[in-house]
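# Got a sequence here, can you build the structure:
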Amino acid sequence: MNESKIVKISVFAALFLSISIIVFYVTTTTRPIGEKYKPLSELGGPFTLETKQGPFSLSDIEGKVGVVYFGFLSCTEACPASIGVVQAAYKQLNDEERGNVQFLFVSVDPERDSLEDLYDFGDYYDNDLLALTGTKKEIDKVTSDYGVFFELTDLEGSALGYTVDHSSRFYMIDKQGKLFTTMSHSTTPSELAARIKQLQNMESTSS
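Have a look, this model is predicted:
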């Protein structure tokens, strides 16, 4: 192998590694690129967003464990996969455990995700999923509070016009409405179900 081929292969390998690191960061980070890191203790907080049936506040599920996911309806990869994890996790819970957990899907694309479409989306999951959104200002506020990265990206030649690059994580809320921990997009249904049960048991023990 001549020297020029070795150089080309080395450059390609370095470029591939750099792209892989960026993709991994975007899908797992809890903060936008360039922003100062925030410890978990500084993330989370109350919020009020909109549903077809009216305003919804995080405090409305106080007493239950919350699983919050930030995404958008036209998402074709991360969101469906994550919702699939939630569905599978719920199947590992008994009736009482299901009654004490609420999955919240927060749309970061209010321009395209109408309250009607979000209602139909949530209704499909038989009340196990509540889908909500808000104004751009409200979404910017709650994503900042929770350290969620998202960015609109143009899609040239696509009827969609743009897509939304976003971090893909589960935000686990305890029964007092506080962010307890986050779980990555690679979380398995069994891991998510176990965390839900852990939170429920911890809260019932401490009450």
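
# For residue 171, give the beta-bridge partners.
residue 68, residue 182 (DSSP bridges).

# so who does it touch?
By CB atoms under 8 Å, 6 or more residues apart in numbering, the residues touching residue 171 are 44, 66-70, 146, 179, 182. Bear in mind the C-beta positions are built from the backbone N, C-alpha and C, glycine included.

# go again using 10 Å as the cut-off
30, 43-44, 66-70, 104, 106, 146-148, 179-183 (CB atoms under 10 Å, 6 or more residues apart in numbering).

# out of these, which are buried?
Among the contacts of residue 171, those classed as buried by 16 or more other CB atoms under 10 Å are 30, 43-44, 66-70, 104, 106, 146-148, 179-180, 182-183.

# Out of those residues, which sit inside strands?
66-70, 104, 106, 179-180, 182-183 (DSSP state E).

# ok, those residues vs residue 201, which is closest?
Of all those, residue 201 sits closest to residue 180, with 12.6 Å by CB to CB.

# hang on, that closest one packs against residue 66?
Yes: using CB atoms under 10 Å, residue 180 is in contact with residue 66, at 9.3 Å.

# who touches both of the two?
Common neighbours of residue 180 and residue 66, using CB under 10 Å, 6+ apart, are 171-174, 199.

# Using the three-state scheme, assign the nearest residue to residue 105 once chain neighbours are set aside.
Distances taken as CB to CB, 6 or more residues apart in numbering put residue 131 closest to residue 105, at 4.4 Å, once the chain neighbours are dropped. Classification of residue 131 using DSSP: H, G, I helix; E, B strand; the rest coil returns strand.
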